[in-house]
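1. have a look at this prediction, sequence included:
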Amino acid sequence: MTNPKLDPRKLEEAASKLRAIAHPMRIAIIGLLERQEQMNVTQIYEALKIEQASASHHLNILKTKGVLDSRRSGKNTFYFLKHEALSQMIDCLNRCY
């Protein structure tokens, strides 16, 4: 018997976002953006002492999964948290208990 309130598509979307943040480097990026509101890729890789390619890879995953968003300003792209997406994930997790 299945629960009619469970939407498999929404469950997969939530699981996908959780997989995206379930990596130490991506957790570190989220932590930086919680404190700094928005940062460009150079600021992020320098703060984390990682290669630019690695930072870009993790930022792309977080953005693709809807955890981050970005805006361009001249030659720079600034990344910031999509607080609504994070709040929805936290609410979902809290309902699981």
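-> That came in fine, so what should we check first?

2. for the rest of this, base every contact and every neighbour count on C-alpha atoms.
-> Fine.

3. helices along this structure, start to end?
-> 8-21, 24-36, 41-48, 52-64, 83-96 (DSSP state H).

4. can those helices go into CSV with extra columns for mean pLDDT?
-> Formatted as CSV, the helices of the chain follow (pLDDT from 0 to 100):
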stretch, mean pLDDT
helix 8-21, 84
helix 24-36, 91
helix 41-48, 97
helix 52-64, 96
helix 83-96, 70
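
5. name the nearest residue to Leu32, ignoring sequence neighbours.
-> Distances taken as CA to CA, 6 or more residues apart in numbering place Ile44 nearest to Leu32, at 7.7 Å, with adjacent residues excluded.

6. what residues does the one you found make contact with?
-> Ile44 makes contact with Ile29, Leu32, Ala55 under the criterion CA atoms under 8 Å, 6 or more residues apart in numbering.

7. can you tell me how far it is from Ser16?
-> 23 Å (CA to CA, to the nearest Å).

8. so for this protein, which residue is the most central one in space?
-> For the chain, Val67 is the residue whose C-alpha lies nearest the centre (CA atoms, centre = their mean; 3.1 Å).

9. doesn't Leu81 make contact with that residue?
-> Yes: look at Val67 against Leu81 with CA atoms under 8 Å: they come within range, at 6.3 Å.

10. measure Glu12 to His23 for me?
-> Distance check for Glu12 against His23: by CA to CA, it reads 18 Å.

11. I should have written Asp91 there, sorry.
-> On the measure of CA to CA, Asp91 and His23 end up 20 Å apart.
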